[in-house]
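Asker: The sequence and its predicted three-dimensional model are supplied below.
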Amino acid sequence: MAGKLAYERYHWFHGQVVSGLYPNARSLSERFNISIKQAQRDIEFMRDRLDAPLVYDGARKGYAYERSGYELPPIWFTGDEFIGFCLALRLAVAIPDGSLKKSLRHFIEKFYSVRSFSDAPSIEEIDRLVSIKNIEYYRVKEDVFKSVLAGLLKKRPLKIIYHTPYKHERTERVIIPLHLLCYMGNWHMIAYCTLRNELRDFALSRIVSITIHEEMTLADIPGDLPPIKDYLRKNFGVISGGSQKEVTLKFSPEVSSWVCQQIWHDSQKVDFDKDGSLILSFPVSGFEEVIREILKYGSQVEVISPPQLRAMIKDEIKNMQKIYM
């Protein structure tokens with residue numbers, strides 16, 4: 001409530017100045033029944049933190065603006081909204097761009113200075129209480145991230161040198177960025193690739209160099225490309241690829257209590273055996289990613305179906321045995 005009252009004082013004082021009424025600390029004090037010192041602090045806050053061009057006119061014994069056109073920032077946040085902003089700052093740790101994170105922090109601090117929250121924690125306290133750690137992610141060069149983001153937001157084609165690890169090759173491509181995705185801690189750019197003439201996924205960590213390409217526009221993109229949402233649904237997540245197949249897994253009672261809290265797919269089905277084992281069924285379109293997930297659970301999970309996936313897990317276990325024999 002204190003923050004709301006403070007903003008009301010700023011708004012009233014601003015209106016008085018714009019109307020040419022030359023308000024001062026005394027008139028502000030009398031209007032809101034606050035001390036002269038508090039009123040003076042409010043005026044100083046407007047001048048120093050809200051960038052109000054206030055000047056004192058000794059002859060008029062009040063304040064005016066030394067230039068016209070100033071508007072009081074129309075900022076109003078609840079305590080929960082501010083906490084949401086602060087959490088966004090902590091979540092931004094995944095952004096591989098130090099200057100963007102610094103700008104976000106400055107942005108939030110400016111909002112915090114406008115409000116006098118009596119019950120919301122400080123930014124420093126949220127820094128201490130909340131943190132995020134990523135594992136198995138790939139490093140992204142800051143200049144690459146900046147260029148990709150600029151190309152995406154400004155609709156500018158990019159020329160990149162792209163490294164494909166499993167082929168041990170580098171290719172030069174001209175691409176038009178269409179979507180930026182952070183998937184499981186790793187950054188991907190979905191773009192129209194002129195080399196392949198189709199939508200392609202580019203991992204930002206594999207971009208060796210990047211420059212703006214001036215010779216293309218968005219008009220050069222074919223009109224028959226699939227919607228981005230369909231592309232993401234098809235190529236990212238446990239369900240990825242072509243036609244769907246039903247996978248059924250059986251988890252031991254030792255892990256079933258916390259596996260049942262996980263969402264592997266929106267349409268998954270969960271059931272329990274009498275011994276406490278968990279039966280989890282969900283559709284997939286490819287086995288590569290789900291195999292990695294299954295292997296994480298070792299002997300605590302068994303593939304019930306389909307037979308093809310069960311055979312693939314058996315083969316992988318045999319290959320692992322060869323290493324440790």
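Answerer: Thanks, I have the structure now. Numbering: from 1, shown residues only.

Asker: Assign Lys159 to helix, strand or coil.
Answerer: Here Lys159 is recorded as strand under DSSP: H, G, I helix; E, B strand; the rest coil.

Asker: Quick one: neighbours of it, just the number.
Answerer: 17 (other CB atoms under 10 Å). Quick note: C-beta positions are derived from backbone N, CA and C, even for glycine.

Asker: Can you tell me how far it is from Arg173?
Answerer: 7 Å (CB to CB, to the nearest Å).

Asker: Could you pull out the buried residues of the helix or strand containing Gln38?
Answerer: Using DSSP states H and E, Gln38 maps to helix 36-48. Residues of helix 36-48 classed as buried by neighbour count (16 or more other CB atoms under 10 Å): 39, 42-43, 45-46.

Asker: Contacts for stretch 96-110 next, please.
Answerer: Stretch 96-110 has contacts (CB atoms under 8 Å, 6 or more residues apart in numbering) with 49, 85-86, 88-89, 92-93, 95, 123, 139-142, 145-146, 149, 187, 204.

Asker: which of those are buried?
Answerer: Here, 16+ other CB under 10 Å leaves 85-86, 89, 95, 123, 140-141, 145, 149, 187, 204 buried among these.

Asker: Tell me which residue lies farthest from the centre of the chain.
Answerer: Using CA atoms, centre = their mean, the residue of the chain lying farthest from its centre is Ala59. It sits 53.2 Å away.

Asker: mind checking which helix or strand that residue is in?
Answerer: With DSSP H and E as criterion, Ala59 is part of no helix or strand.

Asker: where's it relative to Tyr22, distance?
Answerer: 9 Å.

Asker: which residues does Ile228 contact?
Answerer: Here Ile228 is in contact with 178-179, 190, 199 (criterion: CB under 8 Å, 6+ apart).

Asker: Just the buried ones from the residues you listed?
Answerer: Counted by 16+ other CB under 10 Å, these give 178, 190, 199 as buried.

Asker: Just name the closest of the residues you listed to Val130, please.
Answerer: Ile190 (30.0 Å; CB to CB).

Asker: mind listing what's buried in stretch 286-303?
Answerer: Buried residues in stretch 286-303 (16+ other CB under 10 Å): 286-287, 289-290, 294, 301, 303.

Asker: Let me know the secondary structure of Leu199.
Answerer: Leu199 ends up strand, using three-state DSSP.

Asker: sorry, back to before: make TSV out of the buried ones among the contacts of stretch 96-110 and add pLDDT, distance to Ile228 and secondary structure.
Answerer: Output for the buried ones among the contacts of stretch 96-110, formatted as TSV (pLDDT from 0 to 100; distance: CB to CB, whole Å; DSSP: H, G, I helix; E, B strand; the rest coil):
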residue	pLDDT	distance to Ile228	secondary structure
Phe85	76	28	helix
Cys86	77	30	helix
Leu89	79	27	helix
Ile95	87	21	coil
Ile123	75	34	helix
Val140	92	21	coil
Lys141	92	24	coil
Phe145	94	19	helix
Leu149	92	16	helix
Trp187	93	16	strand
Leu204	95	17	helix
